[in-house]
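[1] What follows is a predicted structure for the sequence shown.
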Amino acid sequence: MGLGLITWVNLVCLMLLFPVVYKVCRDYDRQRRLGIDPVFDPKALNIKGADFWHPDPVPAPTAALAGDAATRTGPEYEK
């Protein structure tokens, strides 16, 4: 009984995801036919909630990333 329930849940999820997967596959094939390197752009496909693929702005380096240069003093660290 447990495996049958899991199977039905998976089938329902697959049916709900099919329109999105179909759009993504068609866009991939279109880009390949045009001879360009395929890039996933959720905004162009009108896919909402795909925040993972949006490019984040590059964060400014902090003192910890710069080797803690903000806390170093002395003539060898002066510019």
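    Yep, it's here. Residues are numbered from 1 along each chain as shown.
[2] Low-confidence bits of the chain, can you list those?
    Low-confidence segments of the chain (pLDDT under 70): 53-79.
[3] again, only using 90
    The model of the chain has pLDDT under 90 over residues 1-2, 39-79.
[4] Quick one: the helices in it, in order.
    Along the chain, counting by DSSP state H, helices occupy 2-33.
[5] Number of residues surrounding M1?
    In terms of burial, M1 registers 5 neighbours under the definition other C-beta atoms under 10 Å. For every residue, glycine as well, the C-beta is placed using N, CA and C.
[6] ok, V24 touching L45?
    Yes - counting by C-beta atoms under 8 Å, V24 sits close enough to L45 to count as a contact (6.6 Å).
[7] Skipping adjacent residues, who's closest to A50 in space?
    Spatially, and ignoring its direct neighbours in sequence, A50 is nearest to P42 (3.6 Å; C-beta to C-beta, 6 or more residues apart in numbering).
[8] quick one: contacts for C13?
    Counting by C-beta atoms under 8 Å, 6 or more residues apart in numbering, C13 touches no other residue.
[9] if I look at it, how far off is L45?
    Taking C-beta to C-beta, to the nearest Å as the criterion, C13 is separated from L45 by 20 Å.
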